[in-house]
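only geometry, no sequence info:
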């Protein structure tokens, strides 16, 4: 399955799931928090760094498009992104066949779209039809295939739907959290006419866009803001019987610059920002928290740590074949001081790691898979084993032809954490004689170079959209679009990649949790052994909101706060946004 936003989170797949295997967290019930009772009404202001490209989630893959879908649409089931537990949504309950292939869902009754038209099973079947229609070429369809085959949906009656999987699938119905249910009465004509991709563009009349979610779109001013108003037709109530959502309005202000986002939060001009707190802002935010201006929550350890990988495409390093050697990657793993990164960049709020599965993944984490020890001498020996030695006494390593051993490392321009991490890597590698040329670039430029396979190495984030590794198969499989050191292989390039393909494919089809964990552990060890990608630390994710915001269930997955917008509420306070 393909629920992975590659390092370019602003355009990556944004249908984010959890797993019952995720580490448990103590979080408030949606709509509740430990110190206050939900209050209805009010306006919440959130900042966001990107804008939607369409209001039609099926054809728009970006994080902002996913966020809009979470505001205005609903799914059959939902994963609580803080706890990883599966929740009923449009489906009030469900049953499955013993083989786990056929699932029967009973829909909530009395639910209507925001225009008052009742939800029926026909809308669910229509949504699956649109998802897999080849003319639509849905941007999320590949993420909702099981072993490259579609699910089949059929209406059994007006409020009962069966969904048949083409083969066993270990995460089960978790993947349905990714599929917003769309109104057949609004979009069937466009689907039949072959114009579905153009429906609900950002220039469409807002009154045409209806959904089953907690909000409706009230105003969109490109480059400035997107305003959501409470959907009076939303069917959910909290445990005390109060109607949800609590907010009257949620205003999304587009702020591309991370510094400006932080300043708006600290000045009381915004309630919620795009993601976790930058560590350079932590001290000032802690001071504001002590003064009762903001609230800080530890969401847990990131499951999307920054990573460094080399371009392993054939011919990419014809003039420097040592760039594609495993010995080089293992040498770097020993040369880089992980603890220095944790202390300097993350102020001690990070854990040393050996691979992509962190403690934030809960039971999938392997405590016995230890990161390479900081050992410059061992790094030097590994580099010498592939012919990189100081041949002229200048303190720099040279290759067999006497050329200085150097490579360019791309990272995100203006992202202080990545730029500072890259600087530490550069300095640590200089100490063992390797020359690193840092090249900070805008994300779009870096994405282009990665896509065109014109780079040496990249340091960026690999953002998993699920706790369960079976939901991130495009990273693990050699054929995956996000097998980023050499994506989209027609056949595995190496025996070890073939091995990972085999164990990950098998584990994704097993219903035995113990055996699944064994296979995923095997894949993690093989990945660490060959080190096509290097991991250094996984930071804790701290989420900051205005102190007037209640009902926050912080998640390490994005969006960290707005994933549960229906449960958020605001209270009046001095200096609060009005």
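The structure has been received and is ready for your questions. Just so you know, these numbers come straight off a predicted model, no measurement behind them. Numbers count the residues shown, from 1 in each chain.

can you tell me how far the residue positioned nearest the centre of the chain sits from residue 147?
Taking Cα atoms, centre = their mean as the criterion, residue 465 is the residue nearest the geometric centre of the chain, at 3.7 Å. Residue 465 is 19 Å from residue 147, where distance means Cβ to Cβ, to the nearest Å. Just so you know, the C-beta spots here come from the backbone N, C-alpha and C atoms, and that holds for glycine as well.

One more: residue 160?
Residue 160 is 26 Å from residue 147, by Cβ to Cβ.

just residue 308 next, same as before
Going from residue 308 to residue 147 by Cβ to Cβ gives 31 Å.

So between the two, which is more surrounded?
Neighbours around residue 308 and residue 147, counted as other Cβ atoms under 10 Å, are more numerous at residue 308. The numbers are 22 against 14.

Can you list the residue ranges for helices in the stretch 251-400 of the chain?
Counting by DSSP state H, counting those that start in this stretch, the stretch 251-400 of the chain forms helices over residues 258-266, 282-290, 326-335, 338-344, 376-385, given from the N-terminal end onward.

Can you lay out those as CSV showing distance to residue 233, mean pLDDT and mean neighbour count?
Conversion of those to CSV gives the following (distance: least, Cβ to Cβ, whole Å; pLDDT from 0 to 100; neighbours: other Cβ atoms under 10 Å):
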stretch, distance to residue 233, mean pLDDT, mean neighbour count
helix 258-266, 32, 90, 19
helix 282-290, 37, 94, 15
helix 326-335, 55, 98, 22
helix 338-344, 49, 96, 17
helix 376-385, 62, 98, 18
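
Take these and write them to JSON lines, including distance to residue 489.
As requested, these are arranged in JSON lines below (distance: least, Cβ to Cβ, whole Å):
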{"stretch": "helix 258-266", "distance to residue 489": "35"}
{"stretch": "helix 282-290", "distance to residue 489": "41"}
{"stretch": "helix 326-335", "distance to residue 489": "18"}
{"stretch": "helix 338-344", "distance to residue 489": "30"}
{"stretch": "helix 376-385", "distance to residue 489": "26"}
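
what about the helix with the most length in the chain, distance to the chain center?
Taking DSSP state H as the criterion, the chain has its longest helix at helix 513-530. Put simply, helix 513-530 sits 22 Å off its chain's centre (Cα atoms, centre = their mean, to the nearest Å).

Out of the helices of the stretch 251-400 of the chain, flag the one nearest residue 570.
With respect to residue 570, and counting by Cβ to Cβ, the nearest of those is helix 258-266 at 14.2 Å.

Pull the residues that contact the closest one.
Applying Cβ atoms under 8 Å, 6 or more residues apart in numbering, the set of residues contacting helix 258-266 from outside is 47, 49, 253, 255, 270-274, 278, 281, 284-285, 288, 293-294, 414-415, 544, 546.

what do you get for stretch 191-206?
Among residues not part of stretch 191-206, those counted as contacts by Cβ under 8 Å, 6+ apart are 51-56, 58-59, 126, 129-130, 133, 135-137, 187, 190, 208-209, 216-220, 222.

and with 10 Å instead?
Outside of stretch 191-206, the residues within contact range by Cβ atoms under 10 Å, 6 or more residues apart in numbering are 51-60, 65, 68, 126, 129-130, 133, 135-139, 182, 184, 186-190, 208-210, 216-220, 222, 226-227.

Could you tell me which of these are located in helices?
Short answer: the contacts of stretch 191-206 in helices (DSSP H) are 65, 68, 126, 129-130, 184, 186-190.

Adding neighbour count and pLDDT, write the residues you listed out as TSV.
Output for these, formatted as TSV (neighbours: other Cβ atoms under 10 Å; pLDDT from 0 to 100):
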residue	neighbour count	pLDDT
65	26	92
68	31	97
126	21	98
129	14	98
130	23	98
184	21	98
186	18	98
187	22	98
188	17	98
189	12	98
190	17	98
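
quick one: which of these is nearest residue 361?
For the ones in helices among the contacts of stretch 191-206, the closest approach to residue 361 (Cβ to Cβ) belongs to residue 65, at 25.7 Å.

The closest one: what's it in contact with?
For residue 65, counting by Cβ under 10 Å, 6+ apart, the contacting residues are 11, 14-15, 50-59, 139-140, 202.

Show the buried residues in those residues.
Among those, those classed as buried by neighbour count (16 or more other Cβ atoms under 10 Å) are 11, 14-15, 50-59, 139-140, 202.

Most widely separated two among the residues you listed?
Across the buried ones among the contacts of residue 65, no pair lies farther apart than 15 and 202, at 19.5 Å, counting by Cβ to Cβ.

For the stretch 451-578 of the chain, which segments count as strands?
Assignment of strands within the stretch 451-578 of the chain using DSSP state E, counting those that start in this stretch yields the ranges 457-461, 463-464, 533-535, 537-546, 549-550, 569-570.

Next one: residue 222 from residue 360, what distance?
If you go by Cβ to Cβ, the gap between residue 222 and residue 360 works out to 35 Å.

Check residue 78 too.
Spatial separation of residue 78 from residue 360 under the definition Cβ to Cβ is 20 Å.

With residue 265 instead?
Using Cβ to Cβ, we find residue 265 at a distance of 24 Å from residue 360.

what does residue 558 give?
Shown here: residue 558 relative to residue 360, a distance of 13 Å by Cβ to Cβ.

shared neighbours, the two?
304, 541.

Can you report how many residues neighbour residue 471?
Burial of residue 471, expressed as a neighbour count using other Cβ under 10 Å, amounts to 28.

should've said residue 439
By other Cβ under 10 Å, 18 other residues sit near residue 439.

what stretches of the stretch 301-450 of the chain score poorly on pLDDT?
Along the stretch 301-450 of the chain, segments meeting pLDDT under 70 are nowhere present.

which residues in it form strands?
The residue ranges that make up the strands of the stretch 301-450 of the chain, judged by DSSP E, counting those that start in this stretch, are 306-310, 350-352, 406-412, 435-441.

The first one: partners in the sheet, and parallel or antiparallel?
Put plainly, it is strand 306-310. strand 457-461 (antiparallel), strand 533-535 (antiparallel) (DSSP bridges).

ok, and what's touching the shortest one?
For strand 533-535, the external contacting residues (Cβ under 10 Å, 6+ apart) are 305-310, 312, 329-330, 332-333, 336, 338, 352-358, 371-372, 425, 457-459, 462, 475, 483-485, 527-528.

What is the burial count for residue 441?
Based on other Cβ under 10 Å, the number of other residues close to residue 441 is 17.

Distance of it relative to residue 425?
Residue 441 is 16 Å from residue 425, by Cβ to Cβ.

Check residue 192 too.
Distance check for residue 192 against residue 425: by Cβ to Cβ, it reads 54 Å.

Neighbour count for the two, which is higher?
The neighbour comparison of residue 192 against residue 425 (other Cβ under 10 Å) goes to residue 425, with 25 against 10.

ok, the more buried one touching residue 437?
No - applying Cβ atoms under 10 Å, one finds residue 425 not in contact with residue 437, separated by 11.9 Å.

one step back: out of the strands of the stretch 301-450 of the chain, which is the most enclosed?
Highest mean neighbour count among these (mean count of other Cβ atoms under 10 Å): strand 306-310, with a mean of 23.

That strand: how far from the chain's middle?
When C-alpha coordinates are averaged (Cα atoms, centre = their mean), strand 306-310 and its chain have centres 17 Å apart.

Likewise for stretch 499-506?
Using Cα atoms, centre = their mean, the mean C-alpha position of stretch 499-506 is found 23 Å from that of the whole chain.

avg pLDDT for it?
Averaged across stretch 499-506, the pLDDT comes to 96.

now stretch 157-164
Averaging pLDDT along stretch 157-164 yields 98.

Please point out which parts of it sit buried.
Buried residues in stretch 157-164, counted by 16+ other Cβ under 10 Å: 159, 161-163.

Repeat that for stretch 345-356.
345-346, 349-356.

Also stretch 112-129?
Under the neighbour-count rule (16+ other Cβ under 10 Å), stretch 112-129 has 112-114, 119-121, 123-128 buried.

where along the stretch 151-300 of the chain do the strands fall?
If DSSP E, counting those that start in this stretch is used as the criterion, the strands of the stretch 151-300 of the chain fall at 152-157, 160-164, 215-221, 225-230, 249-254, 294-301.

Appreciated, that's everything.
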